[in-house]
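Chemist: when you get a sec, could you give me coordinates for this:
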Amino acid sequence: MKKKIFLRCAMGFPIGITIGYFITIILSFAFGNGYYSPCVPELIDVMGNEINAVLLQAFLCGILGIGFAGSSLIWELEDWSIVKQTGIYFLIVSAVMMPVAYLNYWMEHSIFGFFCYFGIFFLIFVVIWIAEFTFLKRNVRKLNENLHKPK
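Modeler: Model prediction:
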């Protein structure tokens, strides 16, 4: 199990950086008025220059990838209930996401900003969870139907 966790986390780091990079492209395309914005201006100000800000953001996106990839093993624990899996997974990814978002200035640095960001994160989590649950439930139903078909 330790080897599996290590491998999953090792894969998560570059995947997190890649996803973070694609998000900056999408956001720049949508809101950049023709310019590429690799990170928020507040992060550049705090880090002193753009390259330092981009390096920090890339590293933190890698950490985010590690958190999501490593904790995804929770879904493979068959002796845990879906409620326990969901709760523990949500706690872990929230504990990784919120500091990363704060340090990258993806949220306003205030209590209101924290709760707004957390609320958006929670809603996205719920939507993805419901979609995944519905998809997997449908697949299980089809498998069960095929088991009962005469040969």
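
Chemist: got a list of what Ile25 touches?
Modeler: Tyr36 (C-beta atoms under 8 Å, 6 or more residues apart in numbering). Any C-beta I mention is one placed from the backbone N, CA and C, and that applies to glycine too.

Chemist: immediately after the helix or strand containing it, which helix or strand?
Modeler: Remark: Ile25 resides in helix 2-31, with elements defined by DSSP states H and E. Once the chain leaves helix 2-31, the next helix or strand it forms, by DSSP H and E, is helix 41-47.

Chemist: that next one - contacts with which helices or strands?
Modeler: helix 50-71 (3 or more C-beta pairs under 8 Å, 6 or more residues apart in numbering; DSSP states H and E).

Chemist: can you list contacts of whatever helix or strand comes next after the helix it packs on?
Modeler: Remark: after helix 50-71, the chain's next helix or strand is helix 82-103, criterion DSSP H and E. Applying C-beta under 8 Å, 6+ apart, the external contacts of helix 82-103 come out as 56, 60-61, 63-64, 66-68, 71-72, 74-75, 77, 80, 106-107, 109, 114, 117-118, 121, 125, 129, 133.

Chemist: from those residues, which would you call buried?
Modeler: Buried residues within the contacts of helix 82-103, counting neighbours by 16 or more other C-beta atoms under 10 Å: 56, 60-61, 63-64, 66-68, 71, 74, 106-107, 117, 121, 125.
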